[in-house]
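**Student:** build me a model:
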Amino acid sequence: MINWKFSGIFYLFAAMLLLRISLDASFYLYMDTELKREGFGIDFSMLNYVLSWLGLLATFFLLPKKNDLASAVVIQFIWVLMYVPFSTYFAMTNGEFLWFFLFSLFWVLSAGISRLNFTFKTILPPIELNSFRLFSFSGLWGAFVLGLLVISFGWVLNFDLFSVYEIREQNSLRNTPILNYLTNWTGKVLLPFILLFSYAKIKPGINYISIIFSIILFLFFSITGHKTFLFTIPVLFASYFFLKSGKYFLLLMLSISGAITIGLMLYLFVDHSVLLSLLVRRSLFLPAQISFHYFDFFQNNPIYLSNSFLRFITDYPFDTEPAFLISEVYYNKPDMSSNNGIVTDAFMNFGVAGIFIWSSLLVILLKLLDSLIRKKDYLILASLALVGSKSFVDGAFFTSLLTHGFIIILIICFFYPQKNKPTQI
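**Tutor:** Below is the predicted model of the structure:
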């Protein structure tokens, strides 16, 4: 008889190997060939290559492998998007070992803390809200914010993924902070909630509500130039079906390695590099490169949240925000925003201590998420949390909570009715 537990680990391990090998191949065949001028040329170190695999294996085996806990699948998701391409970049570019060690330590700590047997009690809201009211409010709010965007910037119909930066500069949300918050909360949380709820609860399958709000999400992308709103749609439904299958982690790694392989085939045989540019360069390797720049710049200059809510206690030592500062220093593009993820944010603010603090905060936040989802519709709420957790990959911890709306996800989970409550569609 097959030991299914062992078999499951074996398949996960094989998928992880396939993902890492596909990333190594894409760096060698595409990044080193096409993007040397952008700092992606190979400077191979056998020592770094061996260390990168050791770090990858150590963090992989420590990761929680469950599919029925939101905290586990969110950690798997962030690890796949952050750590695996980071390990390839470190190996291929002879990256700084200390940063690789600290980056790996963050994941060792996060995985280890998440395995500790502590949970929050189920937290119930003081008032009862049924899911239809949440759905209706989200829909009305989505239409309202779309109206604000149209009033502010006009109608923009853009189908070109490579012209988004010009649109972002022209229709900059940074100039209107309130609209920036509303747009992110709506496009990254409320509209995805509507899409999934309408698909799963109102009329299973594609229906007119999901089509209408998919179009609204497209308009969010078209007007603001932020690809996140557009890519939210496939990521949301992929998360839902992967979770429903009970093999989320496996399918996540296989789908990304499959997309990379297809991109390589298109590049090698028909000289078509769009998929590799969007997925491999922009989404996977560029964040890894930027993280090394942050480490280089802030390793002796932690800012102690002086550009955030501790600005009244500690003076921020620079004239511009970190994301623009890094772009100016390392890319000579002061108008470009080089955002980075939760690990970089931890080190930038508190140095080595930040690695310990932020990994603990992340796990505590995700354990709270588990308590809010318990006895509720796991597929809908965990899928929504997975989409929202993308902000931890390319944004600071507190920025992800507030600006990008992860705290709104927690609020939805809080008020979402338990399974024994009537849905009242």
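**Student:** please make it C-alpha for all contacts and neighbour counts, starting now.
**Tutor:** OK.
**Student:** quick one, helices of the stretch 1-150 of the chain?
**Tutor:** 4-26, 32-34, 46-62, 70-92, 97-114, 131-153 (DSSP state H, counting those that start in this stretch).
**Student:** cool, the stretch 301-425 of the chain as well?
**Tutor:** With DSSP H, counting those that start in this stretch as the criterion, the stretch 301-425 of the chain has helices spanning 322-331, 342-373, 378-394, 397-401, 406-415.
**Student:** tell me which of those helices lies nearest to residue 244.
**Tutor:** helix 378-394 (6.7 Å; C-alpha to C-alpha).
**Student:** thought residue 405 was touching residue 189?
**Tutor:** Yes. Counting by C-alpha atoms under 8 Å, residue 405 touches residue 189, with 6.6 Å between them.
**Student:** need the residues touching each of the two.
**Tutor:** Residues touching both residue 405 and residue 189 (C-alpha atoms under 8 Å, 6 or more residues apart in numbering) are residue 388.
**Student:** helices and strands of the chain: which one bottoms out on pLDDT?
**Tutor:** helix 164-170 (a mean of 79; mean pLDDT, DSSP states H and E).
**Student:** give the buried residues for it.
**Tutor:** Using 16 or more other C-alpha atoms under 10 Å as the test for burial, helix 164-170 gives 164-165, 167-168.
**Student:** and what of stretch 228-242?
**Tutor:** Buried residues in stretch 228-242 (16+ other C-alpha under 10 Å): 228-230, 232-233, 235-240, 242.
**Student:** what does stretch 249-265 give?
**Tutor:** Here stretch 249-265 shows 249-254, 256-257, 259-261, 263-264 as buried, counting by 16+ other C-alpha under 10 Å.
**Student:** please apply the same query to stretch 206-216.
**Tutor:** When burial is assessed from 16+ other C-alpha under 10 Å, stretch 206-216 yields the following buried residues: 209-210, 213-214, 216.
**Student:** which one of those residues is nearest residue 54?
**Tutor:** Closest approach between those and residue 54, by C-alpha to C-alpha: residue 214, at 42.1 Å.
**Student:** what's around residue 301, how many residues?
**Tutor:** Residues contacting residue 301 under the criterion other C-alpha atoms under 10 Å number 15.
**Student:** look up how far residue 355 lies from it.
**Tutor:** 15 Å (C-alpha to C-alpha, to the nearest Å).
**Student:** now swap in residue 221 and tell me
**Tutor:** 33 Å.
**Student:** ditto for residue 121
**Tutor:** Counting by C-alpha to C-alpha, the gap from residue 121 to residue 355 is 27 Å.
**Student:** higher neighbour count, the two?
**Tutor:** Neighbours were counted for residue 121 and for residue 355 using other C-alpha under 10 Å; residue 355 has more, 26 against 11.
**Student:** confidence score at the more buried one?
**Tutor:** On pLDDT, residue 355 comes in at 98.
**Student:** what do you get for residue 106?
**Tutor:** 98.
**Student:** burial count for residue 202?
**Tutor:** 14.
**Student:** dump the buried residues of stretch 249-265 into JSON lines; add pLDDT as well.
**Tutor:** What follows is the buried residues of stretch 249-265, written out as JSON lines (pLDDT from 0 to 100):
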{"residue": "249", "pLDDT": "97"}
{"residue": "250", "pLDDT": "96"}
{"residue": "251", "pLDDT": "97"}
{"residue": "252", "pLDDT": "97"}
{"residue": "253", "pLDDT": "98"}
{"residue": "254", "pLDDT": "97"}
{"residue": "256", "pLDDT": "97"}
{"residue": "257", "pLDDT": "97"}
{"residue": "259", "pLDDT": "97"}
{"residue": "260", "pLDDT": "97"}
{"residue": "261", "pLDDT": "97"}
{"residue": "263", "pLDDT": "96"}
{"residue": "264", "pLDDT": "96"}
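**Student:** sort out for me which of those are in helices.
**Tutor:** Counting by DSSP state H, the buried residues of stretch 249-265 place 249-254, 256-257, 259-261, 263-264 in helices.
**Student:** looking at these, which is nearest residue 417?
**Tutor:** Nearest member of these to residue 417, counting by C-alpha to C-alpha, is residue 249, at 27.2 Å.
**Student:** from residue 17, how far off is the closest one?
**Tutor:** From residue 249 to residue 17 the distance is 13 Å (C-alpha to C-alpha).
**Student:** please apply the same query to residue 73.
**Tutor:** In terms of C-alpha to C-alpha, residue 73 sits 19 Å off from residue 17.
**Student:** between those two, tell me which one has more neighbours.
**Tutor:** residue 73 (26 against 17).
**Student:** and that one, what is it in contact with?
**Tutor:** 65-67, 248-249, 386.
**Student:** quick one: end-to-end distance for stretch 315-322.
**Tutor:** 14 Å.
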